[in-house]
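K.L.:
Curious how this folds, go ahead:
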Amino acid sequence: MSRTQWIFIDPLDTLFFKGSEPMVAGENHEVRSVFPPAPSTLSGAICTAVLRQKGIQPARFVDSPQGISDLPLLGSSDALGIEVIGPLLHIDFKDGTGEWFIPAPANWFICEPTAIGEEDFCEVAVSVAEVPADGFSSLGLMGSTPLPAWVMNPKSQDMKGLSGYWINTAALEAVIHGKDTIRMYESIKKIRAGEPILASLKFFLDFETRVGIALEDRTRKVKKGHLYSTTQVRLQTGVRIGVGLQSDMIPSHLNEKGTLQLGGEQRVSSYEHHAEGPSFPTGQTAWIMALSIFPFQTLKEHGWEELPRVSGAILRMGGWDMKKQFHKPMKAYLPQGTVIRIGEDASIPRGFIRI
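P.N.:
Okay, here's the model as predicted:
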């Protein structure tokens, strides 16, 4: 991770990232916004920003099977070379300090939190699921992998997984070193830097409903009688999107700061290079965690298909191929926070950390 360059993205308006649901008149009038955006969405936005800054027409890039020779890190339209880590979330405090938040490991479980007290937070106990000892194999326990992970000493009978939640790096370090309680706050305004914090996604966002009109695919004319509503997201004050780029992207390809179009409706965001990225505490276990969603095919490429893993629900994503003017094939992805037990001495691919 030390060679990774990081940028902060600051949306100038709400963000909207459409899922794979169709929008058909008479059937679908509500469109949910997917957040956080997929790494491919960020890669495309950064690629477009590079082309704009270099004065290159997108059509030239699309029609060049070998890519642009002066911009080798872009790759080609058929095999985009930009690889990103994240997105992660960052909170800026008024005193100039900041706090990085990453996806919570999917093998962390907590008891249902109690009501928030006068101190605006509650303590939650964390239990980490592990692969049972060899003797448990005789019980015939089954799961989505040959060796399912279990919470061996649950602190409660009513436990929930943390796939989809976020933690700061202090919380990861605390649990790695044996602490089993972290704090869950009700409001972003109440947290203090350095505390181990667990947060749901709504902690960082406000949700806004917008009503719009549907357009024809090619003519961009209004579809008669087809209104729709979208749920869009606005980042809370002080929250920024952090994205890791491969080394040497800045300034050879991308300027130190500028603007880019991110998400639907051509919304504009500003970005700037951040000299220091997150410092991830390193665990000594056999488990690694994904900081971004990643294709299910990655399991096959690394020989991880039969290894123990814990994750949220598999995501199925497609999109629209601008070059072919047709739908992209649907692909299966594992969500951020997925953990895989690859062994203590195995090498860690880019975009994963050992926990």
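K.L.:
which residues touch the closest residue to Glu344 other than its chain neighbours?
P.N.:
Excluding the flanking residues, the one nearest Glu344 by Cβ to Cβ, 6 or more residues apart in numbering is Ala286, at 4.9 Å. (Glycine included, C-beta is placed from N, CA and C.) Shown in contact with Ala286 (Cβ atoms under 8 Å, 6 or more residues apart in numbering): Arg341, Ile342, Gly343, Glu344.
K.L.:
Next, give phi and psi for Ala286.
P.N.:
Reported as degrees, to the nearest 10, the phi and psi values for Ala286 are phi -90, psi 0.
K.L.:
just wondering, since we're on it, how far is it from Gly351?
P.N.:
18 Å (Cβ to Cβ, to the nearest Å).
K.L.:
what do you get for Leu12?
P.N.:
Counting by Cβ to Cβ, the gap from Leu12 to Gly351 is 28 Å.
K.L.:
Looks to me like Thr298 is in a helix.
P.N.:
Yes: under the criterion used here (DSSP: H, G, I helix; E, B strand; the rest coil), Thr298 sits inside a helix.
K.L.:
contacting residues around stretch 163-178?
P.N.:
Applying Cβ under 8 Å, 6+ apart, the contact partners of stretch 163-178 are 89, 99-106, 108, 126, 128, 182, 194-201, 203-204, 278-283, 310-312, 335, 337-338, 355.
K.L.:
just the buried members of these?
P.N.:
89, 99-106, 108, 126, 128, 182, 196-199, 203-204, 278, 280-281, 283, 310-312, 335, 337-338, 355 (16 or more other Cβ atoms under 10 Å).
K.L.:
Who has more neighbours out of Leu12 and Gly351?
P.N.:
Neighbour totals were compared for Leu12 and Gly351, and Gly351 leads with 22 against 11 (other Cβ atoms under 10 Å).
K.L.:
isn't the more buried one right next to Ile85, touching?
P.N.:
Yes: Gly351 is within contact range of Ile85, at 5.1 Å (criterion: Cβ atoms under 8 Å).
K.L.:
which residues do the two both contact?
P.N.:
Residues touching both Gly351 and Ile85 (Cβ under 8 Å, 6+ apart): Leu291, Ser292.
K.L.:
send the alpha carbons of stretch 246-256 over as CSV?
P.N.:
Written as CSV, here are the backbone C-alpha positions of stretch 246-256 (Å, rounded to 0.1, in the frame of the first residue of the first chain):
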residue,chain,number,x,y,z
GLN,A,246,-1.5,3.0,-8.8
SER,A,247,1.8,4.7,-8.3
ASP,A,248,3.0,7.4,-10.8
MET,A,249,-0.5,8.2,-12.0
ILE,A,250,0.0,11.7,-10.6
PRO,A,251,1.3,13.9,-12.3
SER,A,252,2.2,11.9,-15.4
HIS,A,253,-1.5,11.2,-16.3
LEU,A,254,-3.7,13.1,-13.8
ASN,A,255,-3.2,16.6,-12.5
GLU,A,256,-2.7,17.2,-8.8
